[in-house]
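Q: model this:
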Amino acid sequence: MREGAGSAAPARDPGLQPERTRLAWRRTTLACTVVAVLAAKSAISDEITAAGVAGAALIALVWVGFLAVAHRRIHALGASRPGPLSRRGALLSTACTVALAAFAVAVVL
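A: Below you'll find the model as predicted:
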C-alpha cells in the first residue's frame, strides 16, 4: 500500500549511510595508494631513467589529486546532512582512477 501524500516520511538515522560512505572512500583511498605505490615502484624498478622518474612523478600527482577529492568528500560527510558529491569531484575522482589504471598498465607493459 502506498502512503498518503500527507503522511510524514519515515525517520532515518542520518549517521549510518554517511558513515558507510566515509568508510568506502577510505577503502578506495587505500586501494588507490597501493596501486600508486606499486606502479611507481615498477616505473623505477631496475634502473632509474628519465622516463621512469617522469612516470613516477605523474603517478604521484594523480594520487595526490585523488587524495584531495577523497579528503574533501570524507570531510563533507561529517556534516549532519551531507550533500551529494559534486559533478566536478565525481569527474576528478573518475579521471584519477582511470589515469592510475592506465599508468599501471603502461608500467607493466
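Q: use CA for all of it now, contacts and neighbours both
A: Noted.
Q: average pLDDT across the helix or strand harbouring Ala54?
A: Per DSSP states H and E: Ala54 is located in helix 50-76. For helix 50-76, the mean per-residue pLDDT is 88.
Q: same for the helix or strand that it is followed by, what does it pack against?
A: Downstream of helix 50-76, the next assigned helix or strand under DSSP H and E is helix 87-108. Under the contact definition 3 or more CA pairs under 8 Å, 6 or more residues apart in numbering; DSSP states H and E, helix 87-108 sits against helix 16-43, helix 50-76.
Q: closest one to Val107 among those helices?
A: helix 16-43 (5.7 Å; CA to CA).
Q: how distant is the closest one from the center of its chain?
A: Here the centre of helix 16-43 is set off from its chain's centre by 6 Å, with CA atoms, centre = their mean, to the nearest Å.
Q: and it with helix 87-108, angle?
A: Taking axes from the mean of the first three to the mean of the last three CA atoms, to 10 degrees, one finds helix 16-43 and helix 87-108 inclined to each other by 30 degrees.
Q: other SSEs contacting helix 16-43?
A: By 3+ CA pairs under 8 Å, 6+ apart, helix 16-43 packs against helix 50-76, helix 87-108.
Q: redo the ones you listed as JSON lines? Include mean neighbour count.
A: Below are the helices and strands packed on helix 16-43 laid out as JSON lines (neighbours: other CA atoms under 10 Å):
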{"stretch": "helix 50-76", "mean neighbour count": "18"}
{"stretch": "helix 87-108", "mean neighbour count": "16"}
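Q: so which of these is nearest Val35?
A: Among the helices and strands packed on helix 16-43, if distance is taken as CA to CA, the winner is helix 87-108, at 7.4 Å.
Q: tell me the angle that closest one makes with helix 50-76.
A: 150 degrees.
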